Each structure stands twice: as C-alpha cells, then as structure tokens.
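**Student:** what shape does this take:
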Amino acid sequence: MTRATRVTRGGARTSTAIREAAAKLFYAHGYEATSLRTVASEVGIQVGSLYNHISGKEELLTDIMVAVMDELLEAVHQAVAEAEPGAVNKFKAAVDCHIRYHAEHAREVFIGNSELRALSDGDLDEVLGKRAEYERLLQTLVKNVAKETGADILDAKLQTYSVLAQGAHVSSWYKPGGPKSLDKVVKTYITMALRQLGVDDQN
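**Tutor:** Numbers count the residues shown, from 1 in each chain. Okay, here's the model as predicted:
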C-alpha cells in the first residue's frame with residue numbers, strides 16, 4: 001500500500017494530525033523515545049488505527065524530513081523565479097528564503113538534522129537525495145554570482161555549505177518576538193553571505 005493510498009483511505013485530516021503529533025513528540029523527546037502508542041494518544045485514536053495512514057514510525061520521520069526539503073526546494077525556486085534580474089538578486093532572494101524558512105520551521109529543521117541516523121538505507125537515500133538537490137541549487141546560484149560579478153570565490157561548494165550552515169544556525173537560536181526582528185536577521189545574513197563571496201551589497 002502506498003503512502004498516498006493510506007492517506008486517501010484514512011483521511012487527509014487525520015494523516016496531517018498524526019504527522020503534526022509525531023513532529024511535536026520527536027522534537028520534545030527524540031525519535032527513539034517516542035512510541036507509536038504515544039503518537040496515537042496525542043492524536044486521540046487507537047494505536048491500531050495509525051496503520052490506516054502509515055506503515056510504521058520510520059515513515060513518519062521520513063515524511064517529516066522529505067516534506068522539509070520539498071518545501072524548501074519549492075520555496076527557493078519560487079523566490080529565485082520572482083527575484084529581480086541578475087545573479088546577485090537571485091542569490092539574495094534564495095538566502096532570504098533559506099533563512100526565513102529555517103527560522104520559522106526550527107522544530108522540523110532540528111528533527112532533520114538530529115535524526116538522520118534513525119533512517120534505514122532506502123529512506124536515508126531519499127532524504128539525502130533531496131538534500132543533494134537543494135545543495136546543487138544553491139551552489140549553482142553561488143557560481144552564477146561569480147560569473148556575473150567576477151568575484152574570486154575560493155570554493156563554491158564550501159561557500160554553499162556556509163549558506164546551509166547559516167540556516168541551521170538561525171534555527172537554533174531565533175525566537176519570534178525576540179530582540180531581533182526576522183527581517184533584520186535575514187538582512188544581516190544576506191550581507192554576511194555576500195561578503196563571504198566578496199560582493200558588496202549595494203541595495
């Protein structure tokens with residue numbers, strides 16, 4: 001039975017509630033310490049009913065991780081497509097989207113970064129494939145900046161890793177309503193990313 005089939009038979013609303021409960025519990029207690037019985041209790045259904053929607057606990061974890069990457073890929077592609085012309089503008093739009101997503105989805109980002117070891121080979125390959133696709137997207141944008149500006153980028157892959165790390169970093173400390181507004185945080189990270197590439201932000 002495919003994932004889509006389980007969702008259709010069980011109802012999308014319940015499936016969404018199950019995944020939300022799993023994310024909440026994985027974040028609070030860790031994947032290994034969270035049982036399906038606890039997830040079912042959080043949703044208000046019998047544990048046996050979970051299998052109308054999922055094949056097991058690992059599927060919940062995989063779905064959370066894949067959803068994060070799918071959302072990021074879609075959001076950054078859209079941000080780049082809607083940006084003003086020019087490689088620098090498109091790079092800035094991508095970093096803006098990247099930082100905002102990580103700030104606003106700290107829970108899912110934490111799960112994705114801390115629970116990879118819990119995935120079996122097939123699920124791990126799926127998640128790592130999505131991550132590699134996202135990395136290639138950002139690396140292409142970095143290289144395009146170098147072509148457009150003549151910036152002396154020491155290593156495009158390492159510069160890409162730096163942008164990726166910025167997202168993980170902001171997700172670890174940013175709190176809505178804190179002393180720094182998200183707009184200010186995003187602007188600062190964009191400036192930092194451009195400076196690392198040797199590009200002055202004139203806007």
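**Student:** next SSE downstream of the helix or strand bottoming out on mean pLDDT in the chain?
**Tutor:** When each helix and strand of the chain is scored by mean pLDDT, DSSP states H and E, helix 3-10 comes last, with a mean of 41. Remark: after helix 3-10, the chain's next helix or strand is helix 12-29, criterion DSSP states H and E.
**Student:** can you pull the buried residues of the next helix-or-strand element following that next one?
**Tutor:** Using DSSP H and E, the next helix or strand after helix 12-29 towards the C-terminus is helix 36-43. Buried residues in helix 36-43, counted by 16 or more other Cβ atoms under 10 Å: Leu36, Val39, Ala40, Glu42, Val43. Bear in mind the C-beta positions are built from the backbone N, C-alpha and C, glycine included.
**Student:** give me the contacts around helix 36-43.
**Tutor:** 14, 17-18, 21-22, 24-25, 46-47, 49-50, 56-57, 60 (Cβ atoms under 8 Å, 6 or more residues apart in numbering).
**Student:** quick one, it and helix 12-29 angle?
**Tutor:** 120 degrees (axes from the mean of the first three to the mean of the last three Cα atoms, to 10 degrees).
**Student:** mean confidence for helix 36-43?
**Tutor:** Average pLDDT, helix 36-43: 93.
**Student:** equivalent analysis for stretch 170-181, please.
**Tutor:** 90.
**Student:** what comes into contact with it?
**Tutor:** The contact list for stretch 170-181, computed with Cβ under 8 Å, 6+ apart, reads Ile99, His102, Ala103, His105, Ala106, Val109, Phe110, Leu182, Val185, Tyr189.
**Student:** give me the nearest residue to the residue nearest in space to the middle of the chain, chain neighbours excluded.
**Tutor:** Nearest to the geometric centre of the chain sits Val68, at 4.0 Å (Cα atoms, centre = their mean). Nearest non-adjacent residue to Val68, counting by Cβ to Cβ, 6 or more residues apart in numbering: Glu108, 4.9 Å away.
**Student:** count the neighbours of that neighbour for me.
**Tutor:** 20 (other Cβ atoms under 10 Å).
**Student:** which of the helices or strands spans it?
**Tutor:** Assessed by DSSP H and E, Glu108 sits inside helix 106-114.
**Student:** that helix to helix 12-29, inter-axis angle?
**Tutor:** Using the same axes, to 10 degrees: helix 106-114 against helix 12-29 is 70 degrees.
**Student:** cheers, nothing more for now.
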